[in-house]
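> what follows is a predicted protein model with its sequence.
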Amino acid sequence: ANAANGVVLITTKKAGLHGPEFQISSTVSSSSVTRVPSVLDASQFTAAVAQYAPAKSASLGTANTNWYDQIDRTGYGNQTDVVVSGAGQSSNYRLSMGYLNQQGIIRKSQTERISLGVNYEQLLLNNDLDITANVRGARSLDHFQAGDVLGNAVGMAPTQPVFDPNNSTGYWDWPTTGASASNPVASLNRSISQGTTWRSIGNLRASYRLPFLSSLTANVNVGYDLTQANNQTFIPNDLAAQIRQGQGFLSLSNRNETNLVSEEYLNYSAPLNVIAGNIDLTGGYSYTQSHSESPYFQETGLSSNLLGINGVPSALNIQNTTFVTDYKLISFFGRLNYNLNDRYLLAASLRRDGSSRFGPGHQWGTFPSVSVAWRVSQEAFLRDVTAISDLK
């Protein structure tokens, strides 16, 4: 296949000759932070403020807060895979299902994924026709980190507490004037950033060895790659950083992408009768199409936090955009390989490609190539030289 974007090729494991077999595997893992930035503790911070900014000492609290301990964690994960496979004289199949649940090392971050796969191969017409089908699908639920949690964990004073019952948000924060760090725990617990992704990849391949000319094989390959991704981010307008900067943030996005490929070609491989050597000749046609639509909605200056990601409040600034991408690639191709005793090699290819990415008058191009090779190590005068295993 060529290297253009959108080509879908799937190679999968095949089952051996057997009845139904079951395989179950499960793994458990853990991840943790082994080193964090070196910052001052509460007593060191109090002493530094007293020495370098004594006028600010009255603003310091009496807490001893390790802000990194408040936002990170040991992330545990588990993955389980179940496979059922079987094969007969002229067919084989493989069914697979997987489940992954992985916590992130930042609290509230997590990925949960379920995947399914089906592979099937069937031989027909005295094994001259080989049909292979592969389909895989997955759904992922992701919870991301919203806001500058790590940056605020570095900048927040260790003398200040996490919670404040006198604040309407329930969390302690600096006054909303100035450019002070914000409470990272408040941002982590009250902001939302999540996404759901559905994806399916599949292809169908058929190879038919023509009965009237066994050296000639007709091949067809069609495939697809479908993706749907929905993402939502919400940051409430009463967080200290939002009061100072943007008064709340809401974004909703939906991406739908389709990639299709179709490829048909003939292959002839046989010894030559006119002269010595073998010839391998391939010629065919391929078509690739990619289309995506990505509506994006964003608000800043939210009037309300009541609905979170479940609604659209009135706002000071609203942006509503849709991004659309569509392109096609068509190729006519041919390739000739000539091999004489694995000693003298000749290869020539020709492609005629047309792409919608380029403007009118520049969409088509022809790409030829020729190469010759002499495997010197196959010559009689070098075959007994043990120091040379291959020279070409």
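Sure, I can see it. Residues are numbered from 1 along each chain as shown.
> T196 against A138, yeah?
No - using CB atoms under 8 Å, T196 is not in contact with A138, being 11.3 Å away. (Each C-beta comes from the backbone N, C-alpha and C, glycine too.)
> the more surrounded of those two?
The residue with more neighbours, out of T196 and A138, is A138; 16 against 13, by other CB atoms under 10 Å.
> so what pLDDT did that one get?
Note for A138: predicted pLDDT of 98.
> one more: K108?
On the pLDDT scale, K108 is placed at 92.
> how many residues are close by it?
19.
> then N278?
14.
> and the nearest residue to G19 once chain neighbours are set aside, what element?
Closest residue to G19 apart from its sequence neighbours, by CB to CB, 6 or more residues apart in numbering: G86 at 5.7 Å. Under the criterion of DSSP states H and E, G86 resides in strand 75-87.
> following element in sequence after that strand, please.
strand 91-103.
> and whatever helix or strand comes next after that next one, which strands flank it?
Next helix or strand after strand 91-103 toward the C-terminus (DSSP H and E): strand 110-124. Strand pairing for strand 110-124, determined by DSSP bridges: strand 91-103 (antiparallel), strand 129-143 (antiparallel).
> return the distance of stretch 336-351 from the chain's centre.
Counting by CA atoms, centre = their mean, to the nearest Å, stretch 336-351 is centred 37 Å from the centre of its parent chain.
> using CSV, write out every CA atom in that stretch.
Presented in CSV, the C-alpha positions along stretch 336-351 are these (Å, rounded to 0.1, in the frame of the first residue of the first chain):
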residue,chain,number,x,y,z
LEU,A,336,7.6,-5.3,-12.5
ASN,A,337,10.2,-7.5,-10.7
TYR,A,338,12.6,-9.7,-12.5
ASN,A,339,14.8,-12.2,-10.7
LEU,A,340,17.5,-14.3,-12.3
ASN,A,341,18.8,-17.0,-10.0
ASP,A,342,18.5,-14.6,-7.1
ARG,A,343,21.6,-13.0,-8.6
TYR,A,344,20.5,-10.4,-11.0
LEU,A,345,17.5,-8.3,-10.0
LEU,A,346,15.4,-5.7,-11.8
ALA,A,347,12.5,-3.7,-10.4
ALA,A,348,10.4,-1.0,-12.2
SER,A,349,7.3,0.7,-11.0
LEU,A,350,4.9,3.4,-12.2
ARG,A,351,2.2,5.3,-10.3
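> touching it from outside, list them.
Stretch 336-351 has contacts (CB atoms under 8 Å, 6 or more residues apart in numbering) with 2, 276-281, 331-335, 366-375, 378-379.
> picking that back up, just put the strands paired with strand 110-124 in a markdown table and tack on distance to D81.
Formatted as a markdown table, the strands paired with strand 110-124 follow (distance: least, CB to CB, whole Å):
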| stretch | distance to D81 |
| --- | --- |
| strand 91-103 | 5 |
| strand 129-143 | 13 |
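> what pLDDT does the residue nearest to G19 get?
Predicted confidence (pLDDT) for G86: 93.
> quick one on the thing from earlier: so which of the strands paired with strand 110-124 comes closest to Y76?
strand 91-103 (5.4 Å; CB to CB).
> now do the buried residues in the closest one.
Under the neighbour-count criterion of 16 or more other CB atoms under 10 Å, strand 91-103 has N92, Y93, R94, L95, S96, G98, L100, Q102, Q103 buried.
> what is the distance between it and the centre of its chain?
Chain-centre distance of strand 91-103: 18 Å, with CA atoms, centre = their mean.
> which residues are in contact with that strand?
Contacts of strand 91-103 (CB under 8 Å, 6+ apart): 12-16, 29, 31, 73, 75-87, 109-123.
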